[in-house]
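Undergrad: Provided below are the primary sequence and the corresponding predicted coordinates.
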Amino acid sequence: MFMKTTNVILGLAAAALAGAAIGMLVAPEKGSALQKRLKDEANKWIDEVKKLVSVSEDTVDEAGAELSKVKSNLRPIVED
């Protein structure tokens, strides 16, 4: 489940970044200004993806901890 969610997030981020890049490339703008703008936008998207991945990792860690608790609680019941 985690990998599927991560792949969806990364796919959406890549598609959005590609769309933004194409939009910038067709806009009339000086080359150096366009390069700076592309770099700034790419860095923003990279930061957003890092945040999303971090949140996903935290969620998986929390789910694992809860699963361990459930397992510990069920063990005595199953052993009886």
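TA: Yep, that arrived.

Undergrad: Go through the helix or strand bottoming out on mean pLDDT in the chain and flag the buried ones.
TA: Every helix and strand in the chain was compared by mean pLDDT, DSSP states H and E; the lowest is helix 2-26, with a mean of 77. The neighbour-count check on helix 2-26 (16 or more other C-beta atoms under 10 Å) flags Thr6, Ile9, Ala13, Leu17, Ala20, Ala21 as buried. All C-beta spots, glycine's among them, are computed from the backbone N, C-alpha and C.

Undergrad: And for stretch 40-53?
TA: Buried-residue list, stretch 40-53, by 16+ other C-beta under 10 Å: Glu41, Trp45, Val49, Leu52.

Undergrad: So which of those residues are in strands?
TA: Counting by DSSP state E, no part of these is found in strands.

Undergrad: Adding pLDDT, write those residues out as TSV.
TA: As requested, the buried residues of stretch 40-53 are exported to TSV (pLDDT from 0 to 100):
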residue	pLDDT
Glu41	82
Trp45	81
Val49	80
Leu52	78
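
Undergrad: how about those residues, which pair is most distant?
TA: Spanning the widest gap among the buried residues of stretch 40-53 are Glu41 and Leu52, at 16.6 Å by C-beta to C-beta.

Undergrad: Run a quick neighbour tally on the residue nearest to Leu25 when sequence neighbours are not counted.
TA: Nearest residue to Leu25 in three dimensions, chain neighbours excluded: Leu34, at 7.3 Å (C-beta to C-beta, 6 or more residues apart in numbering). Applying other C-beta atoms under 10 Å, we find 15 residues neighbouring Leu34.

Undergrad: That'll do, ta.
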